[in-house]
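> Got a sequence here, can you build the structure:
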Amino acid sequence: SISYTNLIFSRFDFVLLQIVLQETEIMNQGKTIFAQIMSLIPRYEFDKCVKRYNGNRHAIEFKCRDQFMVMSFAQFTGQDSLRSIDATLVALSFKLYSSGIKYIQRSTLAHINGTKDWRIYHDFGQILIAQARYLYRHEPSRLDVDGIVYAFDSSTMKLCLQLCPWARLHHDKGGVKMHTLLDLRGSIPTFVYLTEAAVHDSKAMSLVPVEPGNYYLMDKGYVDFKQLFLHFHRQRAFFVTRAKDNMKYEVVEEHPVDKSTGVVSDSTIRLTGLKTSRWYPDTLRMVVYEDYATGNVYRFLTNDFTHSYLTIAELYRERWQVECFFKWIKQHLHVKEFYGTTENAVKIQLYSAIIAYCLVAIVERKMKLDMDIYEMLRILSISLLERMPLRELLTEEEPTPDLQSVRQLSIKFFRPVRVDMTEF
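Next comes the predicted model:
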């Protein structure tokens, strides 16, 4: 006869078997969305970057790729702390293996972020940037100019000076500044340079990769006539920027304009300042434009004497795309709260955000979706560990997350409030 105890255990074994079979069935349904995105990463190139800086030296359990997968997951799901990353990985532990993610405790992740060379992420980011730029190379420009149009600007992320003494801004404030050159074909960041927030914008100009025949749009914070002449004009590149109020110059020639377009004047000028006349000995073109809606007057400086004055004004207007890029990346990727306080950890997180942005851009172009990158990231963030074709997910009008996605959202949005000490 079968005892009552044996019957209970046999039923328990049957239920356990059913669970195992269900899990096996789920695992055979295909790759998760996160695994499909990560499959676009050139593994060989990533391994070269790791080897270049001995990234896996002394690594036993967790390699650089494990760190990269967790940091990418944190960016896509908008985690705001190491504790949040840890809690989310624990809640989704049964889906991590099939997504290629290893669970890393927050203390271990903090140590890895503080010790693994941030240049691994920088170099690998440049590889993905090159891929994204190649995919967007035929993106049509709104303006009728022959060269590629770039916008150059910087944005500051605040840090607590007591915790990050290396990132001094002024007085008792700290921060890190991201100098970014944006290719306006697809809004791809082609050059990213991180400095302390106290570093002036013009100090990064000499590091910008300049290509002859292309256009570089800059705010008047980058008006350094020595750099403009040597680094841009002499290399046959064009720049469009704004004149400072105290600029000394003389008008060499006036050109006719249609004032009904908002353009007040189009002049050829020469600098007359004691130093600026030596730093930039050639002539410049100044287009003065008045915005009738606001009454603001703008003085645009350029070394382009070929295109119309309206094209010069419209070129500078395109510079606002880099402002939109900074606003987007601050709102939708995680760069305002940091997982670590060391310079190395902060740089790893910022370059992880750039890599995540490029991955979304690559997905959008490879699948020819003609879709807003923000909208894509919103969909991906709530469906990252779902098992379905990536194209099917992104072409649906509204994805229907399952119970696990709801749990993921609850982890993401119902978190303890963290006080930003930099505000005090």
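> for the stretch 251-400 of the chain, what spans make up the strands?
Counting by DSSP state E, counting those that start in this stretch, the stretch 251-400 of the chain has strands at residues 263-271, 284-290, 297-302.
> Ok, the stretch 101-250 of the chain next?
Using DSSP E, counting those that start in this stretch, strands in the stretch 101-250 of the chain cover 149-159, 168-170, 173-183, 188-196, 215-218, 238-242, 249-255.
> Among those strands, show me which one is buried the most.
For the strands of the stretch 101-250 of the chain, ranked by mean neighbour count under the definition mean count of other CB atoms under 10 Å, the leader is strand 215-218 at a mean of 26. Just so you know, the C-beta spots here come from the backbone N, C-alpha and C atoms, and that holds for glycine as well.
> Flag every buried residue along stretch 224-240.
If you call a residue buried by 16 or more other CB atoms under 10 Å, then stretch 224-240 has these buried ones: 224-225, 227-229, 231-233, 237-240.
> what bridges to residue 269?
residue 251, residue 284 (DSSP bridges).
> TSV for the buried residues of stretch 224-240, including pLDDT and distance to residue 258?
Shown next, in TSV, are the buried residues of stretch 224-240 (pLDDT from 0 to 100; distance: CB to CB, whole Å):
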residue	pLDDT	distance to residue 258
224	91	33
225	94	30
227	93	33
228	94	28
229	95	31
231	93	34
232	95	29
233	95	28
237	95	29
238	95	23
239	95	25
240	95	20
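> Mean pLDDT lowest where, among the strands of the stretch 101-250 of the chain?
Between those, the one with the least mean pLDDT is strand 168-170; it has a mean of 66.
> Give me the distance between the closest residue to residue 207 other than its chain neighbours and residue 184.
Closest residue to residue 207 apart from its sequence neighbours, by CB to CB, 6 or more residues apart in numbering: residue 193 at 5.8 Å. Residue 193 sits 19 Å away from residue 184, going by CB to CB, to the nearest Å.
> can you tell me how far residue 325 sits from residue 255?
34 Å.
> so how far does stretch 182-197 reach from one end to the other?
End-to-end distance for stretch 182-197, by CA to CA, to the nearest Å: 20 Å.
> cool, stretch 325-345 as well?
23 Å.
> Sort out which residues of it are buried, please.
325-326, 328-329, 332-335, 338-345.
> Let's have the strands of the stretch 101-250 of the chain in TSV, adding distance to residue 368.
What follows is those, written out as TSV (distance: least, CB to CB, whole Å):
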stretch	distance to residue 368
strand 149-159	23
strand 168-170	43
strand 173-183	19
strand 188-196	17
strand 215-218	27
strand 238-242	32
strand 249-255	44
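> closest one to residue 267 among these?
strand 249-255 (5.0 Å; CB to CB).
> before we move on, back to that, so who does the residue nearest to residue 207 touch?
178-180, 204, 207 (CB atoms under 8 Å, 6 or more residues apart in numbering).
> so where's the stretch 251-400 of the chain uncertain?
334-336, 396-400 (pLDDT under 70).
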